[in-house]
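Asker: My questions are about this predicted structure, shown below with the sequence.
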Amino acid sequence: MLIMLVMMPVALRAQNAWNNKKCAVALTYDDALHVDLDNAIPALDSMGFKGTFYLSIYFPGCRDRIRDWKRAAAHGHELGNHTAFHPCLSTGRSWVGPENDLTKYSLQRIVDEIRLTNVFLQSLDGKTIRTFAYPCGDTRVGDTTYVESIKGDFASARGVNSDMYTIDQLPDLYNVGSFGINGHSGEYMIDLVKQAMEKNSLVVFLFHGVGGEHNLNVGLKEHSQLLHFLKENEKDIWVAPFLDITEYVKLKHTK
């Protein structure tokens, strides 16, 4: 009995490790699409949630709607860095043109492009602490990783490996895994959150199109189903921008 009483506070701390909730959920959206502003943000706002939007600043959905992105930031949504031109490795990707092929970049070029994007984003939201998302999940210029070269510019970074982590197990804040969503059902996404609740873990969603505009897409109905589940269970689920969650992890690890 004594052992059980001693262990109970430890178990309760584990169950409520994420800002006094069972799990944490980050809703992230890539590429600065028009549907982010027209579909995703209104849906998030209707539930009182804040998302993380990784902007590639030369994409039309960014450069043509600067006022809307400023408004989104003013309402509490996170603007993250997704580079200026979204360069990726061309291997196995016919849609990557030579001008955006990471194999043709130099290390200095990708670092300069990323830092330029930070300057632009600061002009939108006035912030100097920011997170990054690797385009296509690629972290190398040729054979050279650029991760170490940009760590000083970011609080954390999102990768693409489909992983969940407890707050004590999060291995690398500069390559936090995420679950890419493409044509998945609401039930599939809700099940991921249920798993995170059971494991007391963080789950990061990676969206592109929400209701269209991108080959990687989630339907409006399915996206809404996820948001409604999160709202109905918000006493147990901490929904927050990626930056807020990773900064919370850092704080916990320093205690």
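Answerer: Great, that's in hand. Residues are numbered from 1 along each chain as shown.

Asker: show me where the stretch 101-250 of the chain has strands.
Answerer: With DSSP state E, counting those that start in this stretch, the ranges of strands along the stretch 101-250 of the chain come out as 131-133, 140-141, 144-145, 156-158, 165-166, 179-180, 201-207, 209-210, 217-218, 237-239.

Asker: so what does the second one touch, helix or strand wise?
Answerer: Applying 3 or more CB pairs under 8 Å, 6 or more residues apart in numbering; DSSP states H and E, one finds that strand 140-141 makes contact with helix 107-125. C-beta: built from backbone N, CA, C; applies to glycine.

Asker: residue contacts, the residue nearest to residue 133 when sequence neighbours are not counted?
Answerer: Excluding the flanking residues, the one nearest residue 133 by CB to CB, 6 or more residues apart in numbering is residue 54, at 4.1 Å. By CB atoms under 8 Å, 6 or more residues apart in numbering, residue 54 lies in contact with 28, 29, 30, 31, 32, 80, 81, 82, 132, 133, 158.

Asker: if we go to 10 Å?
Answerer: Residue 54 is in contact with 28-32, 36, 78-83, 86, 131-135, 158, 206, 242, counting by CB atoms under 10 Å, 6 or more residues apart in numbering.

Asker: Residue 239 too?
Answerer: By CB under 10 Å, 6+ apart, residue 239 lies in contact with 21, 23-27, 44, 47-51, 193, 227, 230-231, 233, 245.

Asker: Out of those residues, name the ones that lie in helices.
Answerer: Per DSSP state H, helices hold the following members of these: 44, 47, 193, 227, 230, 231, 245.

Asker: Narrow the residues you listed to those that are buried.
Answerer: 44, 193, 227, 230, 245 (16 or more other CB atoms under 10 Å).

Asker: How much space separates the third one from residue 95?
Answerer: With distances taken as CB to CB, to the nearest Å, residue 227 is found 30 Å from residue 95.

Asker: what does the last one give?
Answerer: To residue 95, residue 245 is 31 Å away according to CB to CB.

Asker: hang on, isn't residue 123 packed against residue 55?
Answerer: No: counting by CB atoms under 10 Å, residue 123 stays clear of residue 55, with 11.9 Å between them.

Asker: Pull out the buried positions in stretch 101-115.
Answerer: For stretch 101-115, a neighbour-count test (16+ other CB under 10 Å) marks 102, 103, 105, 110, 111, 113, 114 as buried.

Asker: oh, I was asking about stretch 142-157
Answerer: By neighbour count on 16+ other CB under 10 Å, the buried set for stretch 142-157 is 146, 147, 150, 153, 154, 155, 156, 157.
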